[in-house]
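# Sequence plus predicted model, see below.
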Amino acid sequence: MSIGKFDSLLLLSFGGPEGPDDVMPFLRNVTKGRGVPDERLAIVAEQYALFGGKSPINDLNRDLLESINEELAARGYDIPTFLGNRNWYPFLSDAVERLQSEGYKSTVCLVTSAFSSYSGCRQYHEDLQVACSGVSKPPEIQRVRVFWNHPDFLGAAAELLSESRVKANLSEHTPVLHTAHSLPISMAANSDYEAQLNEAARIVNDLAGMKGPCEVVFQSRSGPPSVPWLEPSIDTRLQELAADDISQVLVHPLGFIADHMEVLFDLDTQASGIAEEYGIKMVRTPTVGTHPRFVAMMIDLIEEAAGLREVRPSLGSMGPRPDTCFLDCCPAPSRPGR
């Protein structure tokens, strides 16, 4: 049975290398058009080498699709699901070609990004437009809304935070650092990214019963030092906390939905190394991944987009986002020379 008008589902993600030979070509795709030399990419490639030259992101997305399929079946739906990536196989363009060749007419799209920004939201719209322009009769593809303030996204995150605290025998007064991918300030200024993160962090802390300080910190910045990015970085903040005699901290990757490279390297390797060096016990909570509440939310969002749900739940003060973003939503930042 289809889901309203939708006869197919597309999971759209960033992509990642599947083996050592893929790393440099993947990084060139990510930085295409930015003039980044291979010498700089080779430094990033060393991070992948620590994990066998493979990103876990594609496997994690396959796991998510499997869980989505199970939830679809439990609700009586029977539609095919596809995976398409921005930067590596299976590419989005290949997925759209398959959708056309197999005769699908109306596809609902889930994006593995919870918050609003150019790179995390609008650029995926642009990716879809480019992919559809490459075939003669693409299906109509509709994204579900950005879900950063959905009760089940935040609720799942809060459950995982609380469980991690209890398992590590930490106090409910333990400081929490909610991490997210840093962005150039020029990009962040064109969206609600920071405001969404700050409100989400507060809500997750409250739902988890945390009573200590919480704040949003940033990670995974790239590019030349001359370009200002969102701060503080988690590495700097850990050093500052150590100077204030803080000995324990919970780190929650709020801005990520899966334990991919930004989590495994930037947090579990780099940040945890700094915490150990400065005598801080750092406990990193899991991402929502395939948490049952998160997976169920994905299907709820599809039913919303199909017109099968009247209520569009959200927490906090900013309300639910529309299914179709405004034309001026999250514009790309201007770059020197443009």
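Cool, the structure landed. Numbering: from 1, shown residues only.
# Could you check how far the residue of the chain most remote from its centre is from G76?
Centroid-distance maximum for the chain: D245 at 32.2 Å, with CA atoms, centre = their mean. According to CB to CB, to the nearest Å, D245 and G76 sit 56 Å apart. C-beta coordinates here come from the backbone N, C-alpha and C atoms, glycine included.
# ok, back up a step: isn't there a strand covering the residue farthest from the centre of the chain?
No: secondary structure of D245 (DSSP: H, G, I helix; E, B strand; the rest coil): coil, not part of a strand.
# M282 versus that one, what's the distance?
Taking CB to CB, one finds D245 at 15 Å from M282.
# Give me the below-cutoff pLDDT ranges for the stretch 201-338 of the chain.
327, 334-338 (pLDDT under 70).
# Repeat the analysis, applying 80 as the threshold.
Flagging of the stretch 201-338 of the chain using pLDDT under 80 yields the residue ranges 223, 324-328, 333-338.
# That one: strands as residue ranges?
For the stretch 201-338 of the chain, the strands defined by DSSP state E, counting those that start in this stretch cover 214-219, 248-252, 281-284.
# Export the ones you listed to a markdown table and append columns for mean neighbour count.
A markdown table is the format used below for those (neighbours: other CB atoms under 10 Å):
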| stretch | mean neighbour count |
| --- | --- |
| strand 214-219 | 22 |
| strand 248-252 | 25 |
| strand 281-284 | 20 |
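# Any chance of a markdown table for those strands, columns distance to S55?
Below are the strands of the stretch 201-338 of the chain laid out as a markdown table (distance: least, CB to CB, whole Å):
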| stretch | distance to S55 |
| --- | --- |
| strand 214-219 | 16 |
| strand 248-252 | 21 |
| strand 281-284 | 18 |
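# Quick check: G33 is in a strand.
No: using three-state DSSP, the assignment for G33 is coil, not a strand.
# Give the burial count for it, as a bare number.
Residues lying near G33 (other CB atoms under 10 Å) number 6.
# Which phi and psi values does it adopt?
phi 80, psi 0 (degrees, to the nearest 10).
# For it, give me its contacts.
Listed by CB atoms under 8 Å, 6 or more residues apart in numbering, G33 has no contact partners.
# if I look at the nearest residue to D300 once chain neighbours are set aside, how far off is D323?
Spatially, and ignoring its direct neighbours in sequence, D300 is nearest to R309 (6.7 Å; CB to CB, 6 or more residues apart in numbering). Distance, R309 to D323, using CB to CB: 12 Å.
# If you count surrounding residues, which of these two has more?
D323 (17 against 13).
# residues touching that one, list them.
142-145, 304-305.
# how does it look with 10 Å?
Taking CB atoms under 10 Å, 6 or more residues apart in numbering, we find D323 in contact with 108, 142-146, 301, 304-307, 312.
# For I274, see how far away it is.
D323 is 41 Å from I274, by CB to CB.
# cool, G255 as well?
Counting by CB to CB, the gap from G255 to I274 is 19 Å.
# of these two, who's got more company?
Taking neighbours as other CB under 10 Å, G255 and I274 compare with G255 leading, 29 against 17.
# Contacts only, for the more buried one.
Counted by CB under 10 Å, 6+ apart, G255 has contacts 113-115, 117, 120, 148, 178-183, 193, 196-197, 200-201, 216, 218-220, 262-263, 287.
# 7 Å instead, please
By CB atoms under 7 Å, 6 or more residues apart in numbering, the residues touching G255 are 115, 179-181, 197.
# Give me the subset of the residues you listed that lies in helices.
With DSSP state H as the criterion, helices contain L197 from among the contacts of G255.
# Among the contacts of G255, which pair sits farthest apart?
Maximum pairwise distance among the contacts of G255 (CB to CB): 12.4 Å, between F115 and T179.
# So if I had to pick from those two, which one is more boxed in?
T179 (27 against 23).
# Look up the residues forming beta bridges with the more buried one.
Note on T179: beta-bridge partners by DSSP bridges are V217.
# got the contact list for stretch 296-316?
In contact with stretch 296-316 (CB under 7 Å, 6+ apart) are residues 3-6, 68, 71-72, 75, 108, 110, 142, 144-145, 147, 149-154, 199, 203, 320, 323.
# Outline the domain layout of this structure.
Using automatic domain parsing, the domain parsing of the chain gives 8-147+291-305, 151-284.
# now those in JSON lines, with distance to C330?
Below are those laid out as JSON lines (distance: least, CB to CB, whole Å):
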{"stretch": "domain 8-147+291-305", "distance to C330": "4"}
{"stretch": "domain 151-284", "distance to C330": "4"}
